[in-house]
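*Asks:* sharing a model prediction with you, sequence too.
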Amino acid sequence: MIKLENISFDHCIKCTVCTIYCPVARVTHLFPGPKQSGPDAERLRIKNPGLVDESLKYCTNCKRCEIACPSDVRIADIIQDAKWKYVKKGFFRPRDFFMSRTDLAGSLGTIFSPLANFLFSFFPVKILMDLFLKIPYKRSYPAYERGTFRRKFKKLAARQKTFEKKAVYFHGCYVNYNNHSLGTDLVRVMNAMGVGVELVREKCCGVPLIANGYLEKAKKNALFNISSLSGAAAGKGLKIISTSSSCTYALKHEYSHLLDMDNTGIYNSIEYVTKFIFDRFEEGARPPLRPVSIRAAYHSPCHLERLGGVMYTIDLLKKIPGLDLIILHSECCGISGTYGFKREYYQISQDVGYQLFRRIEEADPEIVITDCETCRMQIEMNTKYRVMHPVSVLAMALGDER
Amino acid sequence: MAYDCIIIGGGLSGLTCGIKCAEDGLRTAVISSGMNSLHFSSGSIDVFGYRQGGGKVYRPFDYMKETAKSNPAHPYSRIGSRMVRESLEFFNDQISLAGISLHDNGDENHFRITGLGVMKPTYFSQDSVFNDKFKKAVEERASIAVLNFDGYRDYYAELTVSQLRKNPIFKRTGIITGKVTLPFYTRTEKNLHEFRSIDLARVFDTEKYLPRIAEEIKRAARGARVVSLPAFIGIDNFAQIHKRLEDLTGCLIYEIPSLPPSILGLRLDNALRSRFAALGGEYSGGDRVNGGEIMDGELDHIHTENYGDTRHRSRFYVMSTGSFFSAGLRSGFNMLDEPVLGLRFSGSNRRSDWYSAKFFDRKGHPFLKYGVETNKYFNPFGSDGKAVKNLFCTGAMLSGYDPIREGSGGGVAISTGYFAAKRIIGEMKKNK
């Protein structure tokens, strides 16, 4: 049976524009491009799952095809769906299992953080991981923080209650386990705009689970997050903000499009942080900003482009006095979450990012700014520049007082 | 106000308008959903190609003046031929700043060759497209080799040649066909038949194989002086690649537009978007404007699909959302409208009125003239019948002209976009 809402492939007029903008098809012929792997092949797969062409596994789900499509075909969703519906996956996949369980890996990593960080950067260990887990030894891993952001937040929580206006912060795994300072920067920025931050119970948004084929687990997480967020936030009319463009996209769109979850209760409350800041500034809650004299290059992540949110980040950056901003040509960095951490895709991931790295080096800024945590890992590994989140740059402009 | 000007639609018209606004220092944003129709175009800019009663237009600006009185609703008649010319010069300057040199014949059209071998009048073409330089060589009895790539299925050189032979210009010319084999790709894991224009253009763009490709072209051309290739000679660096290939082969090489994606169109799109970005314009490709509110003859705000209840505000707005194919205009079973703001529409709702029973009717199909109705400044009318003063409609969504039958789509898109930008810049100065 074909479900009526899943026939957006039927809108495809075969113009092949998506293939022009596919970063993977640009660097390898192993991937036939989004048109062929998506709407073209879907017709065949529906009739006979035996006709599935495994080359679709090279899709990174960057969604640039969907941005390019003039006919509103949800190409990347079609490919993601087919990837796990039709392609056989092994039962025992330790690497994919751990990579997609960011909550599990993060909880362990933050408890043993000095040891974990040492091991993951210790060359012999990396060689072993390459041999046994097929995680390329050339890849550097994000370091774990000591303890979680949620624990750190407890110290800040009391002050948050003093604000009349509030918002819920979906911090995501990266802030919780790998980058506390982004979380604390966000709290400072929100407070400066007169908004108190609340946390609710949350699990990994599900992006890595979807990417690695653990759809049932992703659905469980989605259900948990939807009920937790809608109870605490949407019920009280609060906005839910996130500092991760991919988490935002998953909560807002992939839950309903890909996982068949009903997220209508939270849909209008979810906002990527720079959009929320834009609105607060428009309402007049614009804190005094001191000049930050930095030359920065801005890279827009694919999922933020898909969300149509790049305008707000650029608007925010333009409002920071003294920031000398170079906007880089919109390009995929290639890492695409866990994709670039796999040996079989490592070279493709690097080739995709090559143009971006080259452009960053040409621009030669003092720092690179981007909204996405994995873009950050990719850029820091491949260029000599430090990468910051827009919210952290804004926090710099707020000055030092707490 | 966050923006001075928000442009809905990032095609030829919207980007031309955006570049002009951004160049004047206005805070300008373009919101586009999906890539524009340049990707399906010939990459040449037609200004006026065919006369009302049939026959070709040789001097487009003269013809514009000639018909201004008898056809006052035509966008050109509203703008005037002088401003149309000014807008085209602006466009040419901007494109050349992005590294593409456009050929024109001054006051006259030139004739390019299509994939079917038809000669079509047009105003601007990239230097690598058939123009008077190539025509002169043909008239001096140079022979032509019309080549294709071995395995490429979206183009047939024989089809081009069968039409060309009927054309008096090529009567005394030797025309042969041939196939270029790309040596590198005989060993690829990918089936050559799966190649699309973009794959082949990327092979050229690497420049790595140019000497070998040049050898292949020479072999296939069998001594012909002029060589025709489907338009794959590179994307970013095509001007240099084209020149290098001509030097290496000793032939004059011209390009024929291919089936989508059109590389000739893609080059123009890249050039326009890079100019817009270089001038500080903000481009959002991932969202779709789906509504807005008109109050007292002004568009107050718009909203988009991904940000549901959020209002985007700007001092001025431009709509260049295109025609039916680009979803700027919408057709139902027995209705037509402009879907974003419900602007006043000119055209019949009766389905049977829309088209002519003959596909190649010389009078054209009526629906191609349908579109949004505007005043002489290209302000559309809201549901209350009042002109919306801070909103301009430009390009293919306009009524009053038939881009296909007249061969005027490119010129109208550029000139109306430019006109709107000039009006907005003027108003902004007045308000200061």
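*Replies:* In hand now; what should we look at?
*Asks:* what ranges do the helices span in the stretch 251-400 of chain B?
*Replies:* B:263-278 (DSSP state H, counting those that start in this stretch).
*Asks:* what does it put close to chain A?
*Replies:* Residues of the stretch 251-400 of chain B lying near chain A by CB under 8 Å from any CB of the partner chain: B:260-261, B:266, B:274, B:277, B:282, B:284-287, B:304-310, B:325-326. Just so you know, the C-beta spots here come from the backbone N, C-alpha and C atoms, and that holds for glycine as well.
*Asks:* where does B:L200 land on pLDDT?
*Replies:* According to the model's per-residue confidence, B:L200 sits at a pLDDT of 88.
*Asks:* how much space separates it from A:K85?
*Replies:* When distance is defined by CB to CB, to the nearest Å, B:L200 is 33 Å away from A:K85.
*Asks:* neighbour count for these two, which is higher?
*Replies:* The neighbour comparison of B:L200 against A:K85 (other CB atoms under 10 Å in any protein chain shown) goes to B:L200, with 25 against 12.
*Asks:* ok, back up a step: of the residues of the stretch 251-400 of chain B next to chain A, buried ones?
*Replies:* In these, burial by neighbour count holds for B:260-261, B:266, B:277, B:282, B:284-287, B:304, B:306-307, B:310, B:326, counting by 16 or more other CB atoms under 10 Å in any protein chain shown.
*Asks:* so who does the closest residue to A:D371 other than its chain neighbours touch?
*Replies:* Once flanking residues are discounted, A:D371 sits nearest to A:S245: 4.7 Å by CB to CB, 6 or more residues apart in numbering or on different chains. A:S245 makes contact with A:272, A:301, A:303-304, A:307, A:309, A:371-372 under the criterion CB atoms under 8 Å, 6 or more residues apart in numbering or on different chains.
*Asks:* right, and chain A sits closest to which residue of chain B?
*Replies:* When you check chain B against chain A by CB to the nearest CB, the closest residue turns out to be B:D287, at 2.7 Å.
*Asks:* that residue and A:Y267: what is the separation?
*Replies:* Going from B:D287 to A:Y267 by CB to CB gives 15 Å.
*Asks:* can you pull the pLDDT of the closest residue to chain B within the stretch 201-350 of chain A?
*Replies:* Each residue of the stretch 201-350 of chain A has a distance to chain B, by CB to the nearest CB, and the smallest belongs to A:G308, at 2.7 Å. Reading off the confidence values, A:G308 has pLDDT 87.
*Asks:* try the one 10 residues further on
*Replies:* Here the pLDDT value assigned to A:K318 is 93.
*Asks:* which one is it nearest to, not counting chain neighbours?
*Replies:* For A:K318, the nearest residue in space outside its immediate sequence neighbours is A:L325; the separation is 6.7 Å by CB to CB, 6+ apart.
*Asks:* break chain A down into its domains, please.
*Replies:* By the record's domain assignment, chain A is partitioned as A:4-86, A:288-397 (automatic domain parsing).
*Asks:* reformat these as TSV; add distance to B:I7.
*Replies:* Compiled in TSV, those are given as follows (distance: least, CB to CB, whole Å):
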stretch	distance to B:I7
domain A:4-86	17
domain A:288-397	12
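*Asks:* weakest of these by average pLDDT?
*Replies:* Set side by side, the domains of chain A differ in mean pLDDT, and domain A:4-86 is lowest with a mean of 89.
*Asks:* that one and chain B, are they touching?
*Replies:* Yes. Using CB under 8 Å from any CB as the criterion, contacts between domain A:4-86 and chain B involve A:15-17, A:19-21, A:26, A:29-30, A:32-33, A:36, A:66-72.
*Asks:* contacting residues around B:G10?
*Replies:* Applying CB under 8 Å, 6+ apart, the residues near B:G10 are B:18, B:30-32, B:36, B:273, B:283, B:285.
*Asks:* quick one: the helix or strand hosting B:G417 to helix B:263-278, angle?
*Replies:* Secondary structure assignment for B:G417, by DSSP states H and E: helix B:409-431. Comparing the axes of helix B:409-431 and helix B:263-278 via axes from the mean of the first three to the mean of the last three CA atoms, to 10 degrees yields an angle of 10 degrees.
*Asks:* CA atoms of helix B:409-431 as CSV?
*Replies:* Extracted C-alpha coordinates of helix B:409-431, given in CSV (Å, rounded to 0.1, in the frame of the first residue of the first chain):
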residue,chain,number,x,y,z
GLY,B,409,11.0,36.6,-21.2
GLY,B,410,14.5,37.5,-20.3
GLY,B,411,14.2,41.2,-21.2
VAL,B,412,11.0,41.7,-19.3
ALA,B,413,12.4,39.9,-16.2
ILE,B,414,15.5,42.1,-16.1
SER,B,415,13.9,45.4,-17.0
THR,B,416,10.9,45.1,-14.6
GLY,B,417,13.3,44.0,-11.8
TYR,B,418,15.5,46.9,-12.5
PHE,B,419,12.6,49.3,-12.8
ALA,B,420,11.3,48.2,-9.3
ALA,B,421,14.7,48.6,-7.8
LYS,B,422,15.0,52.2,-9.2
ARG,B,423,11.5,53.1,-7.8
ILE,B,424,12.5,51.7,-4.4
ILE,B,425,15.8,53.5,-4.3
GLY,B,426,14.0,56.8,-5.3
GLU,B,427,11.4,56.4,-2.6
MET,B,428,14.0,55.6,0.0
LYS,B,429,15.8,58.8,-0.9
LYS,B,430,12.6,60.8,-0.7
ASN,B,431,11.8,59.5,2.7
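*Asks:* list the buried residues in it.
*Replies:* Residues of helix B:409-431 classed as buried: B:409-425, B:428 (neighbour count, 16+ other CB under 10 Å).
*Asks:* from A:L328, how far out is A:T110?
*Replies:* From A:T110 to A:L328 the distance is 32 Å (CB to CB).
*Asks:* over to A:L115?
*Replies:* 37 Å.
*Asks:* which of these two has more neighbours?
*Replies:* Of the pair A:L115 and A:L328, A:L328 is the one with more neighbours under other CB under 10 Å, namely 20 against 11.
*Asks:* how about the more buried one, phi and psi?
*Replies:* Backbone geometry at A:L328, expressed as degrees, to the nearest 10, gives phi -80, psi 150.
*Asks:* the residue of the stretch 201-350 of chain A closest to chain B is in contact with B:S284, isn't it?
*Replies:* Yes. The pair A:G308 / B:S284 is scored as a contact, 5.3 Å apart, by CB atoms under 8 Å.
*Asks:* shared neighbours, those two?
*Replies:* Overlap of the contact sets of A:G308 and B:S284 (by CB under 8 Å, 6+ apart) consists of B:I31.
*Asks:* what's the closest non-adjacent residue to B:V289?
*Replies:* Residue nearest to B:V289 in three dimensions, not counting chain neighbours: B:I8, with 4.8 Å by CB to CB, 6+ apart.
*Asks:* what about the one you found, neighbour count?
*Replies:* The criterion is other CB under 10 Å. On that basis, B:I8 has 26 neighbouring residues.
*Asks:* tell me what it is bridged to.
*Replies:* Note on B:I8: beta-bridge partners B:I31, B:M319, judged by DSSP bridges.
*Asks:* just the buried ones among the residues of domain A:4-86 next to chain B, please.
*Replies:* A:15-17, A:19-21, A:26, A:29, A:32-33, A:36, A:66-71.
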